[in-house]
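> Predicted model, plus sequence, below.
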Amino acid sequence: MGDTIITVVAIALAAVLMFVFPLMTMSDRTDDVSQLTVDTATTEFVDNVRTTGKLTIDKYGKFVENISSTGNAYDVEMELKVLDENPGKKTTQATATKIGENVYYSEYTSQILDELDQKGIIQLKEGDIFSTSVKNTNATMAQQLKNFFYSVTGNDTYTIAAEHAGVVSVTGSND
């Protein structure tokens, strides 16, 4: 009877070692590849908008398509800080580079997407600040396995995330 229990435990342990740990390792590597893909796509998207001065519905669509190719669902948040130079302000020293005269107002994802849906393009000007943040919304295979074995992650955590921001370096034109 004692040998039977030891044999069953040994078989169960062998099954875990042969199948579960390699599966966990591979799913972790898949998350690593997804993280790299999302980081790269986010950086390229923001840098493209910064250097061209334009945000188009096509650029945004390609960006979402690139990050979705990882097989995960993502929450994409964008923020555009528009430089309001307040040209009507009467001053004796009116220079755009003077600290304290320029004010930013923010537009967020829903406002940006509404404008893109209506116009198809948003023209930015030099000095505007554009940022994008991406987080996965689904539980990846690695998260599910860790939840099952370790109870490490919670419901509101994410494993794949990327952020990038920068100052627009050119004023967009109607080319």
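Happy to help now that I have it.
> tell me the contacts of the most centrally placed residue in the chain?
Nearest residue to the geometric centre of the chain (Cα atoms, centre = their mean): Val134, 1.9 Å. Val134 sits next to 38, 42, 67, 74-77, 160-163 when contact means Cβ atoms under 8 Å, 6 or more residues apart in numbering. Where C-beta positions appear, they are placed from N, C-alpha and C, glycine not excepted.
> Mind doing that once more with 6 Å?
38, 42, 74, 76, 162 (Cβ atoms under 6 Å, 6 or more residues apart in numbering).
> I'd like the mean pLDDT over whichever strand in the chain runs longest, please.
Secondary structure of the chain per DSSP state E: the longest strand is strand 74-84. Mean pLDDT, strand 74-84: 93.
> for it, packing partners?
Packing partners of strand 74-84 (3 or more Cβ pairs under 6 Å, 6 or more residues apart in numbering; DSSP states H and E): strand 103-108, helix 109-119, strand 129-136.
> After the helix or strand encompassing Ala10, which helix or strand is next? Please name it.
For Ala10, the enclosing helix or strand under DSSP states H and E is helix 2-15. Downstream of helix 2-15, the first helix or strand assigned by DSSP H and E is helix 21-52.
> what about stretch 138-149, distance to the chain center?
20 Å (Cα atoms, centre = their mean, to the nearest Å).
> For the protein, which element, helix or strand, carries the lowest mean pLDDT?
Using mean pLDDT, DSSP states H and E, the weakest-scoring helix or strand in the chain turns out to be helix 141-149, at a mean of 79.
> how far off strand 129-136 does that helix point, in degrees?
Taking axes from the mean of the first three to the mean of the last three Cα atoms, to 10 degrees, one finds helix 141-149 and strand 129-136 inclined to each other by 50 degrees.
> And helix 141-149, what does it pack against?
helix 21-52.
> Report the buried residues of the helix it packs on.
Under the neighbour-count criterion of 16 or more other Cβ atoms under 10 Å, helix 21-52 has 24, 27, 30-31, 34-35, 37-39, 41-42, 45-46, 49-50, 52 buried.
> any idea which of the residues you listed is least confident?
Of all of the buried residues of helix 21-52, Met24 carries the lowest confidence score, 84.
> neighbours around the residue lying closest to that one once chain neighbours are set aside, how many?
Spatial nearest neighbour of Met24, chain neighbours left out: Leu145 (5.1 Å); criterion: Cβ to Cβ, 6 or more residues apart in numbering. With neighbours defined by other Cβ atoms under 10 Å, the count for Leu145 comes to 17.
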